[in-house]
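In: no letters, just coordinates:
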């Protein structure tokens, strides 16, 4: 694959050399751009030759100059955010253009490229599209543009950290979402070892962001694998169009009462500089840094159902199998039958309990044998007991930080072609909720891209390199600390001994006293035995479990002590899984060691001009390779001891035709993709848009999407303390199950009679088929309406099944429990709708409201073991906003956003198997209120902002086991050299 990219780079260089040879006569134009109403000069207005890459911007006095080899006549497009775009035909050289732009209501006027890969009005898009343009980004009350995505119609955001949010649409809002693709300047922003974007930790700087487009639902027909539930396109600013220096400084405070330190500081600052030379060469540099103390996950409710308690019922003191949601090291438990475990003491005459039993037996003159007395004293039931764990705030690194660096070189080879070299680097510390709560510490991700692009084509190659840094799994860390202090075998031995030494003594004493008293008062032996058994029944074993745990926990490493810190440091520096056997040498490793890389090449060509614009034709293809590299800590090894390489490729063709006097546009596309481990996938899309007039557009579409099983779905081989996670490829099952029958953990844990062994079908890519109807309309030039309804069917839905090779409850342990990626054997059907209104009020005020509904429509039809497919989405959610960016021309502006969502079942991978399968991972309803007040100070080209998020202070969390989010208040100043008055 590296050889392929070397050849591709050589091809790009050769193309550059050929393209720079040609030269044509140049036409020079110049002039001035101003505001049509105020007559003030406009800075940074784009003046571009339509259909070419050549263009320039107006300077600090509104002047512009442009030279082009494009033959006359040609058209220039003059545009700026908030103004109506003008197109002017140029028939020859001219130096006195006087262009006056008119402000316009931008409702429904946005231009998008995501829906069809060509520029088109958002009004006539064949599918649902949400867009945040530069003005929306600047005016959002959210603390960052990425946080503001939650205010878009139909969008769900799962908050796992201050800097790590997972974005999805139309359901399945898991922690880390592989069903949504996030592109930054055309580059897939996923971490290759995870196959999903790590929020915006290593994404794009807000100062360099020009726009965000989001397509909810299936988009694989144009964007390939994994774009099942949406695609996010983030586009940065061109250094040709956005020049000069800009800077942003934001300082704030974060507050949530249950945190270790409730109120902490927050800083976010960034710089951008761009410069163009003669409209031929340009460069830009970006720097952004954020730091703060993260939100804390502190759900300590009990999610162990093994001892008969309901979800959330029981504490460490009342349930010996306690498994706290955000308590780690207590995930794995052992079933203890004290009668079976203590029976060997009958053969030890030196044991104090044995001596007492023998003494009572002798007093009955053989009426009761020692065995009979033992059986009467000690309970013959199985109690699940877990080790004592550590709360998350004693293990996790909450010192969140994010560093983003970017550099790009742009060179216009001629009026038609632009070459780009770009590098993005991200470094950060955060937390992620998966099958564990992972501390992502000193994580790095960098991307490098070479690209040739024109108005109707692009050819790009890039690589993404991941380094997990000092990241670790918190549950493994807790287990590592526990094992470093005392091996589990010794701990459980001390627990049993502690129970025998407390409960055993009390129960035996009560038994002997009652028996001898009854016999001494003339009771019959039978009545005396009944009296003794009654006395034992009055001694509750539950009251002595605490003493047993106290005996086992003597000398336990406590958080903050030297011993605790030393054990934690050792486990965090030891790669997963550490040393598991022999038991005497067990040393659990919690550190990830992942340096997986991705290499990608793709191209697109718009052939529409070849058909004289009568038929829209677009073709494209891509090739991708994943080089797994975790040193055996995350992924399985092949027979030669090396990790695997995964190769996949794909191609597509898209057609569009306007019919019936351009009132109806019919579009269709077909894509084929092939992964080396799976059969090829075809994903068609067909759509029609009927536009009876410019302000009303009706659409209908049939869309398909799919996702390849992620690198982890395929090859993961990871021990996480409570189980081993396995990919779905058959060789991994063969390696660990070794031909043994595997049963549902739920069936064995609940003692189901004659459980049926789980069978594994062929592991396949997941597919979705969606019908959608929609409407976009601009009513009275003031009210923009956007509505849609969809129905989707998911086939071969990728899920996980938890199995064990144990046949009895007491035999279940972490070494015989496996969570295996597999396909749900039945279709999963979903449906929903979205409705949005945006109203332009007098005086520049705007009012907006949107809502969405999503549900699984065949929940009751799913077999019990497949009912929990991780939909994790509220049935209803609503957003509302009001604002004005420039009240009465004073420079003052404000924005207020309110959000509400219903309660729902929202399991994450951290939820126990029983809690997930029984749909008990409850997430309460919540609502938030965000605001921002701004003041533009044109004299210093700056905007000052004061705002807050969740200002009503209602703590909330978005997924089971995720952190509790509080309030954030901030003040910021943004300087922009190109800021207009």
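Out: Yep, that arrived. Because the structure is a prediction, the values reported are computed rather than measured. Numbers count the residues shown, from 1 in each chain.
In: show me the shaky parts of this protein.
Out: Within the chain, the stretches with pLDDT under 70 are 1-25, 105-120, 311, 863-868, 907-908, 917, 979-981.
In: contacts for the helix or strand hosting residue 746?
Out: Counting by DSSP states H and E, the element that carries residue 746 is helix 745-749. Outside helix 745-749, the residues within contact range by Cβ atoms under 8 Å, 6 or more residues apart in numbering are 306, 752, 755-756, 802-804, 806-809, 811-812, 817, 865, 913-914, 917. All C-beta atoms are positioned from the backbone trio N, CA, C, and that covers glycine.
In: wait, residue 367 touches residue 526, no?
Out: No. Contact criterion Cβ atoms under 8 Å: residue 367 and residue 526 do not qualify, at 9.5 Å.
In: neighbour-wise, which of these two wins?
Out: Each of residue 367 and residue 526 has its neighbours counted (other Cβ atoms under 10 Å); residue 367 has more, 14 against 10.
In: which SS state does that one fall under?
Out: Under DSSP: H, G, I helix; E, B strand; the rest coil, residue 367 falls in the coil class.
In: any figure for the gap between it and residue 41?
Out: As for residue 367, its distance to residue 41 is 111 Å (criterion: Cβ to Cβ, to the nearest Å).
In: before we move on, back to that, so which bits of the helix holding residue 746 are buried?
Out: 745, 746, 747, 748, 749 (16 or more other Cβ atoms under 10 Å).
In: save those as JSON lines, and put in distance to residue 777 too.
Out: Shown next, in JSON lines, are the buried residues of helix 745-749 (distance: Cβ to Cβ, whole Å):
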{"residue": "745", "distance to residue 777": "52"}
{"residue": "746", "distance to residue 777": "50"}
{"residue": "747", "distance to residue 777": "54"}
{"residue": "748", "distance to residue 777": "57"}
{"residue": "749", "distance to residue 777": "55"}
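In: picking that back up, let me know the next secondary structure element after the helix holding residue 746.
Out: Past helix 745-749, the next helix or strand by DSSP H and E is strand 766-779.
In: just checking, what packs against that next one?
Out: If you count contacts as 3 or more Cβ pairs under 8 Å, 6 or more residues apart in numbering; DSSP states H and E, strand 766-779 packs onto strand 696-707, strand 783-795.
In: can I assume residue 963 is in contact with residue 431?
Out: Yes. The pair residue 963 / residue 431 is scored as a contact, 7.3 Å apart, by Cβ under 8 Å.
In: between the two, which one's more packed in?
Out: More neighbours surround residue 963 than the other of residue 963 and residue 431, with 30 against 27 (other Cβ under 10 Å).
In: could you look up the SS state of that one?
Out: Reduced to three states with three-state DSSP, the structure at residue 963 is coil.
In: quick one: secondary structure of the closest residue to it other than its chain neighbours?
Out: Residue nearest to residue 963 in three dimensions, not counting chain neighbours: residue 295, with 3.7 Å by Cβ to Cβ, 6 or more residues apart in numbering. Secondary structure, three-state DSSP: residue 295 is coil.
In: quick one: contacts for residue 295?
Out: By Cβ under 8 Å, 6+ apart, residue 295 lies in contact with 159, 161, 162, 254, 256, 259, 963, 964, 965, 966.
In: tell me which two in those residues are the farthest apart.
Out: The two members of the contacts of residue 295 with the most space between them (Cβ to Cβ) are 159 and 259, at 14.6 Å.
In: for the stretch 151-300 of the chain, which segments are assigned as strands?
Out: Secondary structure of the stretch 151-300 of the chain by DSSP state E, counting those that start in this stretch: the strands cover 155-159, 165-169, 180-184, 187-188, 190-191, 196-197, 209-216, 230-236, 244-255, 263-277, 281-293.
In: how far out from the middle of the chain is the fourth one?
Out: Centroid separation between strand 187-188 and its chain, computed with Cα atoms, centre = their mean, to the nearest Å, is 16 Å.
In: now do it: which elements does it pack against?
Out: With contacts taken as 3+ Cβ pairs under 8 Å, 6+ apart, strand 187-188 sits against strand 457-467, strand 597-606.
In: now do the contacts for residue 704.
Out: By Cβ under 8 Å, 6+ apart, residue 704 lies in contact with 218, 220, 221, 683, 684, 685, 767, 768, 769, 770.
In: could you dump the residues you listed into TSV with neighbour count and distance to residue 785 added?
Out: TSV is the format used below for the contacts of residue 704 (neighbours: other Cβ atoms under 10 Å; distance: Cβ to Cβ, whole Å):
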residue	neighbour count	distance to residue 785
218	30	23
220	28	28
221	25	26
683	28	30
684	15	29
685	25	24
767	21	32
768	26	27
769	18	27
770	23	22
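In: so what's residue 705 up against?
Out: 217, 218, 219, 220, 221, 227, 228, 229, 683, 767, 768, 770.
In: relative to the one helix or strand residue 98 maps to, what are the paired strands and their orientations?
Out: Under the criterion DSSP H and E, the helix or strand holding residue 98 is strand 94-101. Its sheet considered, strand 94-101 pairs with strand 27-35 (parallel) by DSSP bridges.
In: which residues touch the partner strand?
Out: Strand 27-35 has contacts (Cβ under 8 Å, 6+ apart) with 40-42, 45, 47, 58, 61-70, 72, 74, 76, 78, 80, 90, 92-101, 103.
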